[in-house]
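K.L.:
Give me the fold of what follows.
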Amino acid sequence: QSPDLFYLEDTDKDGVADKRTVILTGFGGIDSDHAVHGVSFAPDGYLYFSNGDQGLDVTDKSGNRVHVGKNAPHLAASVLRSDLEGEHLQLIAEGMRNPYEPAVDPWGNVFISDNDDDGNEQCRVNFVMDGANFGYWPKRKGDRHLDEVHWNTDRPGVMPTMVKTGAGSPTGLMFYQGALLPEQYQNTLIHADAGPRVIRSYRPEPNGAGYTSNIDILVSNDDDTWFRPTDVCAAPDGSIFISDWYDPGVGGHRMGDVARGRIYRLVPKGAKSTVPKFDLATDDGIANAFNSANQARRYLAFKELERRAQAGDCAILEGMFAGKTIADRARALWLLARNPKTGADIAVKSLDDKSSAVRIQAARILGETCGYKNLFPRVHDANAQVRRQQALELVKRNGEPGASKAIIELATQYDGADRFYRESLGIAFRGKESWAFNEVIARLGDTWDARLAGIVMQLHPPDALPLVRTALNNAKLDPSLRGLALDALDAI
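P.N.:
Here you go, the predicted model:
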């Protein structure tokens with residue numbers, strides 16, 4: 001609750017919280033729905049959350065300042081990550097309007113919904129890349145119903161939308177990791193939208209270096225206009241609880257009913273409610289909790305496995321990592337990689353895993369350590385998502401010659417069409433655009449094609465002007481390529 005991110009504890013075990021501990025403060029949006037919200041514990045051991053476009057000015061316990069808002073280094077609404085004690089706060093992405101709850105899958109991919117300027121049918125669900133800008137500011141004049149006007153999605157430096165949901169008031173989002181719901185909903189994003197009164201499901205499907213998704217309506221209620229689903233969460237048995245604000249309207253601080261709300265439980269027809277045994281005293285009990293559909297159980301098991309790993313006991317984690325279930329392997333890898341003796345070797349070997357999802361996860365892990373150099377010889381991975389993640393990790397070491405050379409190699413593999421990949425290169429070369437342009441030209445040559453045009457648009461360095469003019473003046477050049485030259489000139 002703005003301005004604070006805090007814990008509530010029940011120290012005397014009477015069922016009532018009696019201790020409040022603030023770990024971070026300075027979030028904007030006090031008494032507003034454009035505030036800090038949607039805190040969740042992710043498989044990598046961090047808290048993920050968002051803050052609306054009221055901005056924030058937060059200094060974490062290590063002295064690092066994160067400032068987002070007007071007259072700040074970063075703009076509009078943001079997605080953030082912190083350790084559990086508030087020692088290290090990180091800005092993941094900016095440029096949204098009012099994102100609600102980040103959902104993180106077992107491999108560390110982050111997704112979040114974002115609310116539009118009300119009434120413009122531009123609500124969306126985003127795949128969140130580290131360092132990305134999602135284009136809400138600066139606001140553009142024109143028809144706000146158009147993607148290009150509302151979110152600036154035609155501008156280089158602005159991430160494309162994963163899926164557009166239209167009019168609504170999007171709120172709670174989760175990555176469903178249970179097995180009780182039918183298979184079509186397993187390993188999907190489950191989303192509450194209080195505006196159109198629906199629960200949706202999205203299955204992220206690879207789209208170049210990013211994702212796309214269809215929309216599947218899981219729950220709707222056209223007859224009850226007071227049905228206002230605001231959040232979803234998974235119970236230990238895999239059923240889904242839905243919170244219903246229960247109100248005639250939504251948004252703009254309006255409340256027609258302040259006394260009532262409803263909770264629903266969603267299960268397949270005929271399924272009975274069960275409470276699986278919870279036991280952190282046995283190996284099987286810990287493994288079951290760690291792979292539970294329920295976030296709270298996964299958190300408690302994570303902390304127990306973390307405690308054991310710190311004491312040198314990684315037997316349960318090693319067993320899961322050797323298993324066949326890819327999501328279980330991913331959850332185990334986050335903790336195994338922390339082992340000071342064997343973690344680095346496990347992460348490096350995972351760079352060559354047959355699963356691209358695991359290779360992406362391994363890149364994320366090594367990007368935070370001195371093991372990042374192991375990415376250098378792997379920059380020609382066949383999978384664009386893996387190469388995208390390598391670029392995003394290596395940018396953290398962009399002052400190091402080996403890392404810069406590796407990112408240039410990644411840039412030469414841009415196919416001329418993949419916008420997600422192009423945006424990852426823009427993030428990786430931020431502040432070094434002219435240097436990067438000249439390095440790419442040295443390797444690809446100066447023939448104007450879709451690849452070179454895309455890189456020039458993304459980097460838009462003044463050095464590229466002669467090349468762009470030549471393309472514009474070449475009457476024999478394909479009209480589509482001359483059109484790209486015009487776009488590049490506009491970007492410059």
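
K.L.:
Could you use CA atoms for every contact and neighbour count after this?
P.N.:
OK.

K.L.:
Can you give the contact residues for the helix or strand of the chain at the bottom of the mean pLDDT ranking?
P.N.:
Using mean pLDDT, DSSP states H and E, helix 147-150 stands out as the lowest-scoring helix or strand of the chain, at a mean of 92. The contact list for helix 147-150 (Cα atoms under 8 Å, 6 or more residues apart in numbering) reads 122, 136, 139, 140, 141, 142, 143, 144, 153, 154, 155.

K.L.:
Just the buried subset of those, written out for PyMOL, thanks.
P.N.:
In PyMOL, this line selects whichever of these come out buried by 16 or more other Cα atoms under 10 Å:
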select buried, resi 122+136+144+153+155
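
K.L.:
now the contacts of helix 147-150 as TSV including secondary structure and distance to residue 273?
P.N.:
Formatted as TSV, the contacts of helix 147-150 follow (DSSP: H, G, I helix; E, B strand; the rest coil; distance: Cα to Cα, whole Å):
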residue	secondary structure	distance to residue 273
122	coil	38
136	coil	43
139	coil	48
140	coil	50
141	coil	52
142	coil	52
143	coil	49
144	coil	46
153	coil	45
154	coil	48
155	coil	50
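
K.L.:
out of the contacts of helix 147-150, who's nearest residue 233?
P.N.:
Closest approach between these and residue 233, by Cα to Cα: residue 122, at 25.1 Å.

K.L.:
Between its first and last residues, how far does stretch 93-109 reach?
P.N.:
Across stretch 93-109, the terminal residues are separated by 13 Å (Cα to Cα, to the nearest Å).

K.L.:
Ignore what I typed, I meant stretch 442-462.
P.N.:
End-to-end for stretch 442-462, by Cα to Cα: 17 Å.

K.L.:
Same check on stretch 161-179?
P.N.:
Taking Cα to Cα, the first and last residues of stretch 161-179 lie 29 Å apart.

K.L.:
circling back to that earlier point, tell me how far the least confident helix or strand of the chain is from the chain's mean position?
P.N.:
21 Å (Cα atoms, centre = their mean, to the nearest Å).

K.L.:
Number of residues surrounding the closest residue to residue 240 other than its chain neighbours?
P.N.:
Counting by Cα to Cα, 6 or more residues apart in numbering, residue 234 is the residue found nearest to residue 240 once chain neighbours are left out, at 4.5 Å. Close neighbours of residue 234, defined as other Cα atoms under 10 Å, add up to 23.

K.L.:
who are the neighbours in contact with residue 234?
P.N.:
Per Cα under 8 Å, 6+ apart, neighbours of residue 234: 176, 178, 240, 241, 293, 294, 295.

K.L.:
taking the residues you listed one by one, which sit in helices?
P.N.:
In helices, defined here by DSSP state H, the members of those are residue 295.

K.L.:
Can you convert the contacts of residue 234 into TSV and add a column each for neighbour count?
P.N.:
What follows is the contacts of residue 234, written out as TSV (neighbours: other Cα atoms under 10 Å):
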residue	neighbour count
176	26
178	23
240	22
241	16
293	24
294	21
295	23
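
K.L.:
any chance of the contacts of residue 234 in JSON lines, with pLDDT and distance to residue 66 too?
P.N.:
Listed next are the contacts of residue 234 as JSON lines, based on pLDDT from 0 to 100; distance: Cα to Cα, whole Å:
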{"residue": "176", "pLDDT": "98", "distance to residue 66": "31"}
{"residue": "178", "pLDDT": "96", "distance to residue 66": "35"}
{"residue": "240", "pLDDT": "98", "distance to residue 66": "35"}
{"residue": "241", "pLDDT": "98", "distance to residue 66": "34"}
{"residue": "293", "pLDDT": "97", "distance to residue 66": "33"}
{"residue": "294", "pLDDT": "98", "distance to residue 66": "31"}
{"residue": "295", "pLDDT": "97", "distance to residue 66": "27"}
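
K.L.:
What segments of the stretch 351-492 of the chain are helices?
P.N.:
Secondary structure of the stretch 351-492 of the chain by DSSP state H, counting those that start in this stretch: the helices cover 356-367, 384-394, 401-411, 419-428, 433-444, 450-459, 465-472, 479-491.

K.L.:
Show me what the second one is packed up against.
P.N.:
Same thing as helix 384-394. Judged by 3 or more Cα pairs under 8 Å, 6 or more residues apart in numbering; DSSP states H and E, helix 384-394 is in contact with helix 356-367, helix 401-411, helix 419-428.

K.L.:
Try it again at 10 Å.
P.N.:
Judged by 3 or more Cα pairs under 10 Å, 6 or more residues apart in numbering; DSSP states H and E, helix 384-394 is in contact with strand 205-207, strand 210-212, helix 356-367, helix 401-411, helix 419-428.

K.L.:
Mean pLDDT, mean neighbour count and distance to residue 61 added to these, as a markdown table?
P.N.:
Output for the helices and strands packed on helix 384-394, formatted as a markdown table (pLDDT from 0 to 100; neighbours: other Cα atoms under 10 Å; distance: least, Cα to Cα, whole Å):
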| stretch | mean pLDDT | mean neighbour count | distance to residue 61 |
| --- | --- | --- | --- |
| strand 205-207 | 97 | 13 | 38 |
| strand 210-212 | 98 | 20 | 34 |
| helix 356-367 | 97 | 24 | 23 |
| helix 401-411 | 94 | 20 | 30 |
| helix 419-428 | 98 | 25 | 27 |
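
K.L.:
Could you dump the helices of the stretch 351-492 of the chain into TSV and include distance to residue 214?
P.N.:
Below are these laid out as TSV (distance: least, Cα to Cα, whole Å):
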stretch	distance to residue 214
helix 356-367	20
helix 384-394	19
helix 401-411	29
helix 419-428	18
helix 433-444	35
helix 450-459	27
helix 465-472	37
helix 479-491	29
